[in-house]
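Trainee: Provided below for reference: sequence and predicted model.
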Amino acid sequence: MKITSARVIVTCPGRNFVTLKIGTDEGVTGIGDATLNGRELSVASYLTDHVIPCLIGMDPQRIEDIWQYLYRGAYWRRGPVTMSAIAAVDTALWDIKGKMAGMPLYQLLGGRSRDRVLVYGHANGRDLKETVDAVGKYIDMGYKAIRAQSGIPGIDKAYGVGRGDMHYEPADARLPTNTVWDTPKYLNFTPRLFEKLRDTYGYERELLHDVHHRLTPNEAAQLGKALEPFRLFWMEDATPAENQEAFRHIRRHTTTPLAVGEVFNTIWDCKQLIEEQLIDYIRCTVVHAGGITHLRRIADLAALYQVRTGSHGATDNSPVCMGAALHFDTWVPNFGIQEYMRHTEETDAVFPHDYRFDDGFLHCGEAPGHGVEIDEKLAAKYPYDPACLPVARLEDGTLWNW
Ligand code: CS2
Ligand code: MG
């Protein structure tokens, strides 16, 4: 069997997505997500200019060997651009293998470990009251786990506050929007938000929160401690994780569970956090961490230390990533939770899929492969529209972590 074609499709049905489509001499095709928010064309070029010429003529059944070829063979390893490109190839090849076998992807991985996949949704509001109401709406929709992010008095454009009700999208302009960050205001406000949420809704639902890399290790330790009475499912990206030792300090001071990993691309990025048991959840996902082949290695390492998965599932990961992630979640023994930000109707129409939400859980479908397709005619109606993620500065103008 041979790969006879491979093409990158860039489309913007409300936001930009990069998709790789691989064709074979047996007529079977597969697709993979290659979207890297705000840096889309770099992955498109990596694929088109450097990867696709190597793929033509290869045997698509040799997923592992192709992965190694693209990783080791490039000499230049790791990083979000390389690993998203490899992920796209890997996901498309697993899709092809599933279609050849007539089996859904989770069966190829070893079969079900669970009947359904627990997800968390995103509730957010411009102030405390709106956020509390938004959490109520998610409870009414059946969610068992809800992430809460709120506008903060005195902070202009706080992280995580969407423009619409359901479709939070941070990449909003051709050049990065400036936002302002103020740590003391955030630290004063956030425990009050979770106190109010627990007073209003009790302790039955899981609550999550994303700090989005904004705090120093010591501030993160303070916040984790202050949030302990409200029993969070996790506190995410409490401090930037380039220096993984920083998490030792946070860990020593709080039992609030910690989650990290959406900006990680390989097992090497996660190694110390996992081996030293400095986190509870590893949040790498298919598209940014080298596809199913590599994510499986990360999850297996995590399992040795009772660290569970919590796949990143923002809207900038396309439905192709979500479909593949749900098969992974259905199989992976040490599953924790799956993030689920809904895509817009336009996006769902471009990427028809067979996964479905029901009563707080997502179910992957039974179609062979990962169960997501691309409607190329429709995709062509939505040309690429450059958009960047914002930047954050302190009030004195110092550049901070967005
Ligand atoms: C966020 C993301 O979902 C999350 O946890 O951290 O929405 C993140 O901001 C985006 O993926 C950036 O593109
Ligand atoms: Mg996050």
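Mentor: Good, I have the coordinates. Computed from a predicted model, the values in this text were never measured in an experiment. Residues are numbered from 1 along each chain as shown. Ligands and ions are numbered 1, 2, ... in the order given.

Trainee: what's the burial count for residue 384?
Mentor: 14 (other C-beta atoms under 10 Å). In this view, the C-beta of every residue, glycine as well, is placed from N, C-alpha and C.

Trainee: tell me the SS of the residue nearest to it when sequence neighbours are not counted?
Mentor: Of all residues not flanking residue 384 in the chain, residue 10 sits nearest, at 4.7 Å (C-beta to C-beta, 6 or more residues apart in numbering). Of the three states, residue 10 takes strand according to DSSP: H, G, I helix; E, B strand; the rest coil.

Trainee: got it, and the one 4 residues further on?
Mentor: Going by three-state DSSP, the secondary structure assigned to residue 14 is coil.

Trainee: give me the number of residues near it?
Mentor: If we define neighbours as other C-beta under 10 Å, then residue 14 has 18 of them.

Trainee: would you mind confirming that residue 343 is in contact with residue 319?
Mentor: Yes: applying C-beta atoms under 8 Å as the test, residue 343 and residue 319 come out as touching, 5.9 Å apart.

Trainee: need the overlap of contacts for those two.
Mentor: Counting by C-beta atoms under 8 Å, 6 or more residues apart in numbering, the contacts common to residue 343 and residue 319 are residue 351.

Trainee: give me the pLDDT for the residue nearest to residue 384.
Mentor: In this model, residue 10 is scored at 98, pLDDT.

Trainee: identify the residues contacting it.
Mentor: 16, 17, 18, 19, 40, 41, 44, 384.

Trainee: in which helix or strand does residue 242 reside?
Mentor: Per DSSP states H and E: residue 242 is located in neither a helix nor a strand.

Trainee: quick one: it and ligand 1, what's the gap?
Mentor: Residue 242 is 16 Å from ligand 1, where distance means C-beta to the nearest ligand atom, to the nearest Å.

Trainee: could you report the pLDDT at that residue?
Mentor: 94.

Trainee: which residues in the stretch 201-350 of the chain form helices?
Mentor: 217-227, 246-253, 267-275, 291-304, 319-331, 345-350 (DSSP state H, counting those that start in this stretch).

Trainee: for residue 56, which of these is the nearest?
Mentor: Closest to residue 56 of the helices of the stretch 201-350 of the chain, according to C-beta to C-beta: helix 291-304, at 19.2 Å.

Trainee: circling back to that earlier point, return the most buried member of the helices of the stretch 201-350 of the chain.
Mentor: The highest mean neighbour count among the helices of the stretch 201-350 of the chain, using mean count of other C-beta atoms under 10 Å, belongs to helix 319-331: a mean of 29.

Trainee: I am finished for the moment; much appreciated.
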